[in-house]
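Enquirer: turn this into a model:
(2 chains)
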Amino acid sequence: MKIQEILKKEKVSIDPIKELLHQEVSKIIENKVNFVIEHPAEESHGDYATNVAMALAGVLKENPLEIAQNIAKKINLPDLLEKVEAIAPGFINFKIKNDYYISELENILEQKEDYGTFELAEDKKIMLEFGQPNTHKAFTVGHIKGTISGLSVCKLFENLGYEVVKTNYYGDIGMHTAKTTWGVQQKGLLEDFESWDKHKKMEFITEAYVYATQAFDENEKAIRKINIDIYQKNKTEATELYERIKKMSLEHQKAIFADLGVAYDKQYPESQVYESAKKIVEENSKKIFVESQGAIIYEGEKDGLVTWVMKTSEDNPTYLAKDIALGYQKFEDYPDLFLNLTLTGVEQVDHFKAVIKILETLDEKFKDKYFHTSFGWLLMNGKKTSSRSGKNIKGTDILEESLKVARTKIAELKDYDTEKKEEISRVVALAGLKFLILSHDFNKDVNYDPEKFVDFEGYSGPYILYAYVRAQAILRKSKSLEIRLPSDLEMNEWELSLLKWLTRYPQKTYQSGVEVAPYTMCNYLYELAQRFNTFYANCPVIKASEEEKAIRLALSEGTAQVLKNGLTLLGIETIEEM
RNA sequence: GUCCCCGUAGUUCAAUGGAUAGAACAAGAGUUUUCUAAUCUCUCGAUGUAGGUUCGAUUCCUACCGGGGGCACCA
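Expert: I've put the predicted structure just below:
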């Protein structure tokens, strides 16, 4: 089962109008047939539409348009509906009265940051594992992407009503740690090393890893010796150095996570599951694992997968075995977990198929509880930027780069004082980077142009922030914030278009959450910002008449609120000026 | 070889099986005595190929073509 199917099972009220219309139509038709109530893509067709007549036409062998007309005549919801229309080839279109939208706007203004949140019938806890950097290797752009994506998924799940345990599983053991330790030994640490900036320290460590990788073949024996010492916790010069590097690296990681707005609830070092991984493999060898060429393997072919090594002939559990042990550890620490979702790059898809299959085979309790979702690469001009190629682009580089672009942009546009400029640049840069990463379907790669780096115009984070800033400026400058909305209010096309889109927010947050798809929220917010900007260009607020002013102020406040709520779900902060 | 993901304007992305396939960027034209022009308005332009299921397919199925990723002791 997919995680999306599990999440969709929870009964929450998403769109009362849709439910009401579905009920009404069901009452009228005599045959049982599957049909949907949906928002027509073309808004002039109405607010909702149903394909029920076309579905019935197949069963009844009658003209779908006539069926539609007959049903339309019988629909009786005078308080809600302004118009019901049957249209070729057989759609029934519903136009909702403006009163409904006005009352929904009042809900936004009243509920504020709670607008669009859901509550579950009972408390349920989800663990989300994301980030997963290595301690003795660079924090890559992939880790940045994973961290930003994971944070957003956490917020979306929380919005659905789940309690989320944010978890980081970091790689502090294995060959890479031995390579780096050996590399640092060879290069030697300078005397003033401790006084270096943590990013500079990490850069040195990353270089040592690259150096060791290149020199691996000639120095394999020495490096493997260090690896064993680390695994066996032997006290040597090398393992002391290993510990020192680990400590520095964790500080570096913590700083990056903090910059991105992430504070983990639970940390799992890979070294911590090493022993139990070994034990699990040993206890189950002969049962579901078998010995082969001195190693212990899982023959995945019988489950439609491939063969994976669980324990090497050197007696070390592989990362697959460690992930199995981690699964047990998570459910031991949180026995009441509703489910676990691990978020990683696409290269681990097959690995996690094995993890999940093995966990479910070992223990029933993992059935429909353990899930994996992957995200595509962050590419520069269609090419990978990751570590093995000569020119490494690290996670900190793209953070730095986006900040630089934001600073330049603001310097040429505005004249704020230095401190303010810096704060605006920080928020705008992160908005740009986060939106870039989150605005794509997880299954697809994200491609960026290093010249522009992140967009500040069009479909971008800053565009949405800008709409928020404009709405805030209106609210700041309007003296009277008293908002009274008569129910027989007349609205022009721009006001109505904005208002209708505002009220879609709850459905979109729901969809975005259950489908584990932040990009759906990105699309929604962009459309909202667009509609607000069009409204802004066509409908002056402060200079409007008293009647106009009431609805326009309310719309500005509602837009600001919903933009803020939605951006929060993406992990993007708002600012009042930019 | 095999398994998985992806093929939509020149480029980057949308489109719960529905109505005329939407945006943004780039290109061209306009827009600022008016709440912040990081805005707004207009023009140009696309579903890899061949079948199938369906009243209806960008969406589902099959084959092929193209791109990416995984597949034994690294994680």
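
Enquirer: contacts, neighbours, all on C-alpha from now
Expert: Will do.

Enquirer: buried residues, stretch A:234-241. List them.
Expert: Under the neighbour-count criterion of 16 or more other CA atoms under 10 Å, stretch A:234-241 has A:238-239, A:241 buried.

Enquirer: now stretch A:2-15
Expert: A:3, A:7, A:14.

Enquirer: over to stretch A:395-409?
Expert: So for stretch A:395-409, counting by 16+ other CA under 10 Å, buried means A:395-396, A:398-399, A:401-403, A:405-407.

Enquirer: these also near RNA strand B: which ones?
Expert: When CA under 7 Å from any atom of the strand is applied, the members of these adjacent to RNA strand B are A:Ala406.

Enquirer: farthest pair in the buried residues of stretch A:395-409?
Expert: A:Gly395 and A:Arg407 (18.8 Å; CA to CA).

Enquirer: coming back round to it: tell me the one of the buried residues of stretch A:2-15 nearest RNA strand B?
Expert: Closest to RNA strand B out of the buried residues of stretch A:2-15 is A:Ile14 (13.2 Å), distances taken as CA to the nearest atom of the strand.

Enquirer: thought that closest one was touching A:Pro506?
Expert: Yes: contact status for A:Ile14 versus A:Pro506: in contact at 6.8 Å, counting by CA atoms under 8 Å.

Enquirer: what's the spacing between A:Lys543 and A:Ala550?
Expert: Relative to A:Ala550, A:Lys543 is positioned 12 Å away (CA to CA, to the nearest Å).

Enquirer: between these two, which one's more packed in?
Expert: A:Ala550 (20 against 10; other CA atoms under 10 Å).

Enquirer: if I look at that one, what pLDDT would I see?
Expert: pLDDT, A:Ala550: 89.

Enquirer: hmm, A:Leu337 is touching A:Leu128, no?
Expert: No: if you go by CA under 8 Å, A:Leu337 and A:Leu128 don't touch, sitting 10.6 Å apart.

Enquirer: quick one: contacts of stretch A:247-255?
Expert: For stretch A:247-255, contacts defined as CA atoms under 8 Å, 6 or more residues apart in numbering pick out A:133, A:135-136, A:139, A:198-199, A:201-202.

Enquirer: recalculate using a threshold of 7 Å.
Expert: A:135, A:198-199, A:202 (CA atoms under 7 Å, 6 or more residues apart in numbering).

Enquirer: and those as TSV, adding secondary structure?
Expert: Formatted as TSV, these follow (DSSP: H, G, I helix; E, B strand; the rest coil):
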residue	secondary structure
A:Thr135	coil
A:Lys198	helix
A:His199	helix
A:Met202	helix
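
Enquirer: does A:Val355 touch A:Lys322 like I think?
Expert: No: in this structure, A:Val355 is not within contact of A:Lys322 by CA atoms under 7 Å, at 9.5 Å.

Enquirer: those two - which one has more neighbours?
Expert: A:Lys322 (26 against 23).

Enquirer: list the contacts of the more buried one.
Expert: A:273-274, A:277.

Enquirer: inside strands: which ones of those?
Expert: Of these, none are assigned to strands by DSSP state E.

Enquirer: tell me which of those fall in helices.
Expert: Among the contacts of A:Lys322, the members falling in helices (DSSP state H) are A:274, A:277.

Enquirer: point out where the stretch 301-450 of chain A drops to low pLDDT.
Expert: Within the stretch 301-450 of chain A, the ranges that satisfy pLDDT under 70 run A:385-392.

Enquirer: show me the helices in it, by range?
Expert: Applying DSSP state H, counting those that start in this stretch to the stretch 301-450 of chain A gives helices spanning A:319-333, A:349-362, A:395-413, A:418-438.

Enquirer: so which residues on the stretch 51-200 of chain A come close to RNA strand B?
Expert: Close to RNA strand B, as judged by CA under 7 Å from any atom of the strand, the stretch 51-200 of chain A has residues A:51, A:54-55, A:58, A:87-89, A:91-93, A:134, A:171, A:173-176.

Enquirer: lowest pLDDT pick from those residues?
Expert: A:Gly58 (77).

Enquirer: could you list the domains of chain A?
Expert: In the domain annotation for chain A, the residue ranges read A:3-96, A:395-569 (automatic domain parsing).

Enquirer: output those as JSON lines; include the columns distance to A:Gly183.
Expert: Shown next, in JSON lines, are these (distance: least, CA to CA, whole Å):
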{"stretch": "domain A:3-96", "distance to A:Gly183": "42"}
{"stretch": "domain A:395-569", "distance to A:Gly183": "21"}
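
Enquirer: and these, which is most packed in?
Expert: Most buried of these by mean neighbour count (mean count of other CA atoms under 10 Å) is domain A:395-569; its value is a mean of 19.

Enquirer: surely A:Val45 meets A:Asn93?
Expert: No, residue A:45 isn't Val; it's His. Yes: in terms of CA under 7 Å, A:His45 counts as a neighbour of A:Asn93; the distance is 6.4 Å.

Enquirer: name the residues contacting each of those two.
Expert: Among the neighbours of A:His45, none is also in contact with A:Asn93 (CA under 7 Å, 6+ apart).

Enquirer: one step back: among the buried residues of stretch A:234-241, which are in helices?
Expert: Of these, the ones assigned to helices by DSSP H are A:238-239, A:241.

Enquirer: go through these and say which is closest to RNA strand B.
Expert: Among those, and counting by CA to the nearest atom of the strand, the member closest to RNA strand B is A:Thr239, at 16.2 Å.

Enquirer: just to revisit the earlier point, which of the residues of the stretch 51-200 of chain A next to RNA strand B fall within strands?
Expert: Filtering those for strands - DSSP E - leaves A:87, A:91-93.

Enquirer: quick check: the nearest residue to A:Lys452 once chain neighbours are set aside vs A:Glu122, distance?
Expert: Sequence neighbours aside, A:Val405 is the residue nearest to A:Lys452 in space, at 7.8 Å (criterion: CA to CA, 6 or more residues apart in numbering). With distances defined as CA to CA, the gap from A:Val405 to A:Glu122 amounts to 46 Å.

Enquirer: A:Leu189 too?
Expert: A:Leu189 sits 55 Å away from A:Glu122, going by CA to CA.

Enquirer: more neighbours: which of those two?
Expert: Ranked by neighbour count (other CA under 10 Å), A:Leu189 and A:Glu122 place A:Leu189 first, with 13 against 9.

Enquirer: if we can go back for a sec, turn the buried residues of stretch A:2-15 into TSV, columns for secondary structure and pLDDT.
Expert: TSV is the format used below for those (DSSP: H, G, I helix; E, B strand; the rest coil; pLDDT from 0 to 100):
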residue	secondary structure	pLDDT
A:Ile3	helix	94
A:Leu7	helix	94
A:Ile14	coil	90
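
Enquirer: okay, those residues in JSON lines with distance to A:Ser512 next?
Expert: Formatted as JSON lines, these follow (distance: CA to CA, whole Å):
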{"residue": "A:Ile3", "distance to A:Ser512": "13"}
{"residue": "A:Leu7", "distance to A:Ser512": "11"}
{"residue": "A:Ile14", "distance to A:Ser512": "12"}
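
Enquirer: quick one: contacts for A:Asp259?
Expert: A:Asp259 makes no contacts at all, as judged by CA under 7 Å, 6+ apart.

Enquirer: how about the residue of the stretch 351-500 of chain A found nearest RNA strand B, phi and psi?
Expert: Closest to RNA strand B within the stretch 351-500 of chain A is A:Gly458: 3.3 Å, counting by CA to the nearest atom of the strand. Per-residue torsions, A:Gly458: phi 60, psi -140 (degrees, to the nearest 10).

Enquirer: quick one: it from A:Ala544, how far?
Expert: Counting by CA to CA, the gap from A:Gly458 to A:Ala544 is 28 Å.

Enquirer: repeat for A:Glu129
Expert: Taken as CA to CA, the span from A:Glu129 to A:Ala544 is 51 Å.
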